[in-house]
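> sequence isn't available, so here's the structure alone:
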């Protein structure tokens, strides 16, 4: 390829020859791109942009780890699922009417009142006692090796704690029946 200065016949006028070889359309596009580049440079030179660039360079390790994590989430499909869940929550939020929110708040209030009532009556200790009794009974069944004989059942009826437990269960069954019938 021949040098443009030899073609034009003038040594040292390369820039001028390059400008003459451009069409008006090419010059317009070059001017547009130059204007965009100047605007971008002006944006970069703003103090807040420079501060952000400094922070980015300081946080590059963290950002790389974050990008790796996001990439793994995207590859595994979790990111898409999270986005879908967020969209669903947004739809639920907008679909929830005032009366629905009021009803939910009322139910939550009643649940808190019921929980407080149970605590006041000592039910956490009662539940703990029931769980301990169930575990103890399971251990005893494992130790005895299965279902007891009729003679062994009659023998356990002599134990006052067994009789008290059976009486409690019978009283509970009676109260449950009354409660279910509404009276």
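Thanks, I have it. What you are looking at is a predicted structure, and each value in this text was computed from that prediction instead of being measured.

> what pLDDT, on average, does the helix or strand that contains residue 88 get?
Assigned by DSSP states H and E, residue 88 belongs to helix 78-95. When pLDDT is averaged over helix 78-95, the result is 86.

> which residues are in contact with the host helix or strand of residue 170?
Secondary structure assignment for residue 170, by DSSP H and E: helix 160-181. For helix 160-181, contacts defined as CB atoms under 8 Å, 6 or more residues apart in numbering pick out 156, 157. Any C-beta I mention is one placed from the backbone N, CA and C, and that applies to glycine too.

> now it: average pLDDT?
The pLDDT scores in helix 160-181 average 89.

> what sits closest to the residue nearest the centre of the chain if chain neighbours are left out?
In the chain, the C-alpha nearest the mean C-alpha coordinate belongs to residue 82, at 7.5 Å (CA atoms, centre = their mean). Nearest in space to residue 82, with sequence neighbours left out and distances taken as CB to CB, 6 or more residues apart in numbering, is residue 73 at 7.5 Å.

> tell me how many other residues crowd that neighbour.
Look at residue 73: counted by other CB atoms under 10 Å, it has 14 neighbours.

> that one and residue 67 touch, don't they?
No: using CB atoms under 8 Å, residue 73 is not in contact with residue 67; the gap is 10.6 Å.

> shared neighbours, these two?
Counting by CB under 8 Å, 6+ apart, residue 73 and residue 67 have no contacts in common.

> how is this structure divided into domains?
The chain breaks down by automatic domain parsing into domains covering 1-58, 64-95, 97-147, 148-183.

> chain center to the shortest one, what's the gap?
Using CA atoms, centre = their mean, to the nearest Å, we find the averaged C-alpha position of domain 64-95 to lie 9 Å away from the chain's own average C-alpha position.

> residues near the residue nearest to residue 148 when sequence neighbours are not counted, how many?
Among residues not flanking residue 148 along the chain, residue 156 sits closest, at 7.5 Å (CB to CB, 6+ apart). Residue 156 has 13 neighbouring residues, counting by other CB under 10 Å.

> tell me the helices and strands packed up against the helix or strand containing residue 26.
Taking DSSP H and E as the definition, one finds residue 26 inside helix 24-44. When contacts are defined as 3 or more CB pairs under 8 Å, 6 or more residues apart in numbering; DSSP states H and E, helix 24-44 packs onto helix 47-58.

> thanks a lot, catch you later.
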